[in-house]
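> A predicted structure for the sequence below; I have some questions about it.
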Amino acid sequence: MLAPPLLDLYLLYKRAEQTKKKKEDSRTPIPYYLIDGFAKHECENRNPEKIHNQLSDRNKNDKIISLYTAVTKAYTKEFFKKYNIDYNKMIKRGIEYDIFDSQRDTLIDDIN
């Protein structure tokens, strides 16, 4: 049964896009990074059965958006520092999970 998790992920994507458009720099959150990070960490390594439960509550959604907005912003800065590659080139590459996960681990306590 894929429809509910796909719908939940689509709605999360739309929410990330809306958040991104409201921001002054309009670069974060990066929706793909947000969704992948959410699925990897909050859904036990991308387990589709966990998606609906994690996205069933507005407060959880708000925390997910806040956390991964901060993570993608920190990731972008750290990626530039490490590789000297700007945002437009960075988003065309795969996620560097060592950087991404490190930023998430640093920020998770601040958001919760």
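Received the coordinates, thanks.
> Look up which helix or strand the residue positioned nearest the centre of the chain falls in, please.
For the chain, the residue nearest the mean C-alpha position is residue 34 (1.5 Å; Cα atoms, centre = their mean). Element membership of residue 34 [criterion: DSSP states H and E] is helix 31-42.
> Surely the residue nearest to the centre of the chain touches residue 65?
Yes. If you go by Cβ atoms under 8 Å, residue 34 and residue 65 touch, sitting 7.4 Å apart. Any C-beta I mention is one placed from the backbone N, CA and C, and that applies to glycine too.
> Now for these two: what residues contact both?
residue 16 (Cβ atoms under 8 Å, 6 or more residues apart in numbering).
> follow-up on the earlier one: contacts only, for the nearest residue to the residue nearest to the centre of the chain once chain neighbours are set aside.
Distances taken as Cβ to Cβ, 6 or more residues apart in numbering put residue 68 closest to residue 34, at 4.0 Å, once the chain neighbours are dropped. Counting by Cβ under 8 Å, 6+ apart, residue 68 touches 16, 29, 33, 34, 37, 38, 104.
> So the last one: helix, strand or coil?
Spelled out, that is residue 104. The three-state label for residue 104, taken from DSSP: H, G, I helix; E, B strand; the rest coil, comes out as helix.
> Surely it is in contact with residue 40?
No. With contacts defined as Cβ under 8 Å, residue 104 does not count as touching residue 40, sitting 9.1 Å away.
> higher neighbour count, the two?
residue 104 (21 against 17; other Cβ atoms under 10 Å).
> The residue nearest to residue 102 when sequence neighbours are not counted: neighbour count?
Spatial nearest neighbour of residue 102, excluding adjacent residues (Cβ to Cβ, 6+ apart): residue 78 at 7.7 Å. By other Cβ under 10 Å, 17 other residues sit near residue 78.
> gap between residue 78 and residue 25?
16 Å (Cβ to Cβ, to the nearest Å).
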